[in-house]
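Student: Pasting the sequence and the predicted coordinates here, then a few questions.
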Amino acid sequence: MGRSLEPDKYRNFALTMPRSLFIPPHFLLLTLSVVSLLACDGDDSPPGDLIPQDKMAEILTEIHVAEARVTHLQLRSQDSSIFVYDKLQKRIWKENKVDTSLYRKSYTYYTSHPTLLTEIYDQVEKNLTTREKKKNIRL
């Protein structure tokens, strides 16, 4: 009673699956543990050449304005949009005296520290609001 006459398809799934696809549970657990330990190096101090939070907020403000400009242009091809955005981004790097690798390193650090990233984006929001009030957003 209560049991279906249909055989349980999933009962012996691990036994019926191809041997090349089967990963023993203890191996998977060990692998995840090692990866977790390697990801946590214990040193949570910021890198020495990190872009300061206030400057990062200014850079992100400029990036969002550049993205809005490109969107506003409504270019017909994605290639054209990418080309224009790359030009604007290079100008942002030059004005702020940073390069792509330093920006990415800093952005990666801040995204792995949500509290700091929230503080940065709070400032970005204030910057955008101030620029909008001053009508200083050039599209």
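Tutor: Perfect, I can see it now.

Student: Sticking with T108, tell me its helix or strand.
Tutor: helix 100-111 (DSSP states H and E).

Student: what about the helices in the protein?
Tutor: 13-16, 25-39, 53-73, 78-96, 100-111, 114-133 (DSSP state H).

Student: And P46, its phi and psi?
Tutor: Main-chain torsions, P46, degrees, to the nearest 10: phi -70, psi 150.

Student: my guess is V84 contacts H72, does it?
Tutor: No. The pair V84 / H72 is not scored as a contact, 10.8 Å apart, by Cβ atoms under 8 Å. The C-beta positions use only the backbone N, C-alpha and C, and glycine is treated the same way.

Student: okay, those two: which has more neighbours?
Tutor: For V84 versus H72, the count of surrounding residues by other Cβ atoms under 10 Å is larger for V84: 15 against 9.

Student: Could you check how far that one is from E95?
Tutor: 17 Å (Cβ to Cβ, to the nearest Å).

Student: hang on, the earlier thing: same for the helix holding T108, what does it pack against?
Tutor: In terms of contacts (3 or more Cβ pairs under 8 Å, 6 or more residues apart in numbering; DSSP states H and E), helix 100-111 is packed against helix 53-73, helix 114-133.
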